[in-house]
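# following is a predicted model, sequence given first.
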Amino acid sequence: MELGLGNAAFTTFHSSFILGVLLLASLVCLAFIIERWRYFRKIEVDPEKVLSKLRGTIASGRKEEVLAILGDVDGNPILSLIQVAVLNAHLPKEHLSEILRAFQLRQRALIEKSIGILGTLGNIAPFLGLLGTVLGIIQAFRDLASPQAQANGASVVATGIAEALIATAAGLFVAIPAVVFYNYFLKRVKHFVTEMEAVGIEMLVLLSLRRQGDAG
């Protein structure tokens, strides 16, 4: 009887530990999903619509008016890129191009922030669940040889296996949304990086034409 109680305590301990880790992982995953979702909603902007308002003003060299139209860029990568280009319009094209490129790299790091954590959680959560399952099955076979199993039959083993499979289900429960949102956010990152590159190129062209007009 004492052996049976000891086995039950061990089973409860490792199952509770694995499930606790997976619960923590699910909370971390949810927190980063919400944070990234709100971030991408915040920085969402139509670059073509913005540039359509600015092309004429940029061509006429009215820098202050351009900045007024942009308003508070508030960490928006595309609007901030336009602002940086306008503020440094006096620099040679080669220098301005390098400044915009460096700015894009820094903005990309901010956009990609925390996304790697979702990918990591999506990769390790199934393995944590599998670990719980393996430990549970090992314990189930130990219980099979115990006096309690001889008295109660296969129900002791069935309980251990069912408990073990719960860990696998919990691991998949964490991994599936993590992978789905990781791929979604990765797509959003590529979209913003492409838009920043396109806007940067167009700003270089517009400012270069402006300088040529001044020289003419």
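In hand now; what should we look at? Numbers count the residues shown, from 1 in each chain.
# could you use CA atoms for every contact and neighbour count after this?
Noted.
# under the pLDDT cut-off, which ranges of this protein? List them.
Along the chain, segments meeting pLDDT under 70 span 1-14, 145-157, 211-216.
# helices along that one, start to end?
Here the chain has its helices, by DSSP state H, at 2-43, 47-59, 63-70, 77-87, 93-111, 115-144, 147-152, 155-215.
# now mean neighbour count too, for those helices, in a markdown table please.
A markdown table is the format used below for the helices of the chain (neighbours: other Cα atoms under 10 Å):
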| stretch | mean neighbour count |
| --- | --- |
| helix 2-43 | 15 |
| helix 47-59 | 15 |
| helix 63-70 | 15 |
| helix 77-87 | 21 |
| helix 93-111 | 16 |
| helix 115-144 | 20 |
| helix 147-152 | 13 |
| helix 155-215 | 18 |
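# give me every residue that touches the residue nearest to residue 196 when sequence neighbours are not counted.
Distances taken as Cα to Cα, 6 or more residues apart in numbering put residue 78 closest to residue 196, at 5.7 Å, once the chain neighbours are dropped. Counting by Cα atoms under 8 Å, 6 or more residues apart in numbering, residue 78 touches 45, 47, 192, 195, 196, 199.
# and what of residue 76?
42, 43.
# centroid residue for the protein?
Closest to where the C-alpha atoms of the chain average out (Cα atoms, centre = their mean) is residue 115, at 2.2 Å.
# how much space between the closest residue to that one other than its chain neighbours and residue 170?
Nearest residue to residue 115 in three dimensions, chain neighbours excluded: residue 182, at 6.2 Å (Cα to Cα, 6+ apart). Applying Cα to Cα, to the nearest Å, the value for residue 182 to residue 170 is 19 Å.
# please apply the same query to residue 92.
In terms of Cα to Cα, residue 92 sits 57 Å off from residue 170.
# cool, and residue 94?
Taken as Cα to Cα, the span from residue 94 to residue 170 is 54 Å.
# likewise residue 26?
Counting by Cα to Cα, the gap from residue 26 to residue 170 is 9 Å.
# with residue 93 instead?
Residue 93 is 55 Å from residue 170, where distance means Cα to Cα.
# again, but for residue 205
Separation of residue 205 from residue 170 (Cα to Cα): 53 Å.
# kindly report the same for residue 81.
Taken as Cα to Cα, the span from residue 81 to residue 170 is 43 Å.
# same thing with residue 135?
From residue 135 to residue 170 the distance is 15 Å (Cα to Cα).
# same check on residue 16?
Relative to residue 170, and taking Cα to Cα, residue 16 is found at 12 Å.
# again, but for residue 144
25 Å.
# equivalent analysis for residue 63, please.
For residue 63, the distance to residue 170 - Cα to Cα - is 56 Å.
# wait, isn't the residue nearest to the centre of the chain in contact with residue 184?
No - the criterion here is Cα atoms under 8 Å, and residue 115 misses it with residue 184 at 9.9 Å.
# picking that back up, who touches the residue nearest to residue 115 in this structure?
With contacts defined as Cα under 8 Å, 6+ apart, residue 182 is in contact with 115, 116, 118, 119.
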